[in-house]
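Novice: Sequence first, then the predicted structure:
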Amino acid sequence: MKSAASALAAGLLLCVVAAGCTERNTVSNDDTGVAGDNGVVTGDGAQVRDGTPPPTDGPQARDGAPPPPPTDGAPPPPPPDSGPVQCTSPAPCNGYACDVSAGTCYTTCYSSTQCATGYTCNAAHQCVKKVTCSDPTPCLPYACNLAVGECRVYCTNDGHCASGYVCDSGVCIKPVTCTSDAQCNGYQCNLAQGVCETGCGLTTPCAQGYSCDGSGTCLKDIPCTNNTPCAGFACNTQTGICRVACLTGNQCDTGYLCGASFQCVPQVSCTSDAQCNGYECNNGVCRVFCLFGGQCASGYHCQGGACVP
């Protein structure tokens, strides 16, 4: 199934040395990237947070009263757009730890140390409740980690998934059976196993008409003669296809920089770090990736090329 981040990185380095990559060659999203506009482009920072909206019907909606708190003892989530939640302990943080140095709750996680006791960090960078187990039944699609008696909530290989599931970008999914690429929504059919690939890389290209982006996803090719249809990327005029991943800024459209996860992101002018979403303001332009903590704003550190709280 999908190559591990380390395998992608190794493939990228070989590709760069050989100088023979095509648009179907992917790039890595781990710590061993290549130089972009302001340094090395590496890492990823996907992060997801779910809120709990107030009711739209019933007595609470009619009389303006707030929704009742959860009955499981967990603190209610903060209202939308309320800004950072102040804390001195994890109590108000809805499963996350309190960042005592900043005095606010974490709102995303990159390790379980950023979660409250009884919670663990999943593949979507969310703190979720730990679930005890002795078999995979309560853990599907993940496996039970018998060594600690808890359900896994992310994977790095297929062995971390329950039987019949495979690991794809840290998430366990059900494979799709196939006899040709046409059944695989842009990915190759692994004819030896009779299932669709769930990612792409240097040794696992996409199906015809698709290209592999920096995160190992196959995207449908977009024909181009200029940068206009390419959504921040540059048009590869040699192939007549929009790029979907970048190694350097000249593979991005004007006004974009090559950032973390090898994606072209808008260039942001700045006068201070406060305008840069966790990154340093460097010579009037926000950085979009980091090599070390000094390239991040105060209260952030460099992890996998991204500035995180």
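Specialist: Received, thanks.

Novice: show me what contacts residue 278?
Specialist: By C-beta atoms under 8 Å, 6 or more residues apart in numbering, the contact list for residue 278 reads 296, 297, 300, 307, 308, 309. C-beta: built from backbone N, CA, C; applies to glycine.

Novice: What of residue 131?
Specialist: 138, 139, 150, 151.

Novice: any chance of those residues in CSV, plus secondary structure, neighbour count and distance to residue 291?
Specialist: As requested, the contacts of residue 131 are exported to CSV (DSSP: H, G, I helix; E, B strand; the rest coil; neighbours: other C-beta atoms under 10 Å; distance: C-beta to C-beta, whole Å):
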residue, secondary structure, neighbour count, distance to residue 291
138, helix, 12, 42
139, helix, 20, 37
150, strand, 15, 35
151, strand, 22, 36
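
Novice: So for stretch 286-294, what gets flagged as buried?
Specialist: Going by neighbour count (16 or more other C-beta atoms under 10 Å), the buried part of stretch 286-294 is 286, 287, 288, 289, 290.

Novice: nearest to residue 221, of the contacts of residue 131?
Specialist: residue 139 (38.0 Å; C-beta to C-beta).

Novice: sorry, back to before: have a look at the buried residues of stretch 286-294 and tell me the least confident one.
Specialist: Among those, residue 289 carries the lowest pLDDT, at 86.

Novice: Okay, that residue and residue 114: tell me how far apart.
Specialist: 21 Å (C-beta to C-beta, to the nearest Å).

Novice: for residue 279, same thing?
Specialist: For residue 279, the distance to residue 114 - C-beta to C-beta - is 19 Å.

Novice: Give me the more crowded residue out of the two.
Specialist: Higher neighbour count among residue 279 and residue 114: residue 279, with 26 against 22, using other C-beta atoms under 10 Å.

Novice: Isn't that one up against residue 288?
Specialist: Yes - between residue 279 and residue 288 there is a contact under C-beta atoms under 8 Å: 6.6 Å.

Novice: Does residue 143 touch residue 160 like I think?
Specialist: Yes - counting by C-beta under 8 Å, residue 160 is a contact partner of residue 143 at 5.6 Å.

Novice: of the two, who's got more company?
Specialist: residue 143 (21 against 17).

Novice: Tell me who's in contact with that one.
Specialist: Neighbouring residues of residue 143 by C-beta under 8 Å, 6+ apart: 136, 151, 152, 159, 160, 161, 162, 172.

Novice: In helices, which of those residues appear?
Specialist: Among these, none falls in helices (DSSP state H).

Novice: Tell me which two in those are the farthest apart.
Specialist: Every pair of the contacts of residue 143 checked by C-beta to C-beta; the farthest is 151 and 159, at 14.4 Å.

Novice: residues near the closest residue to residue 96 other than its chain neighbours, how many?
Specialist: Using C-beta to C-beta, 6 or more residues apart in numbering and skipping residues adjacent in sequence, the residue nearest residue 96 is residue 106, 4.3 Å away. Using other C-beta under 10 Å, residue 106 has 25 neighbouring residues.

Novice: Output the below-cut-off pLDDT ranges for the stretch 1-150 of the chain.
Specialist: For the stretch 1-150 of the chain, residues meeting the criterion pLDDT under 70 lie at 1-83.
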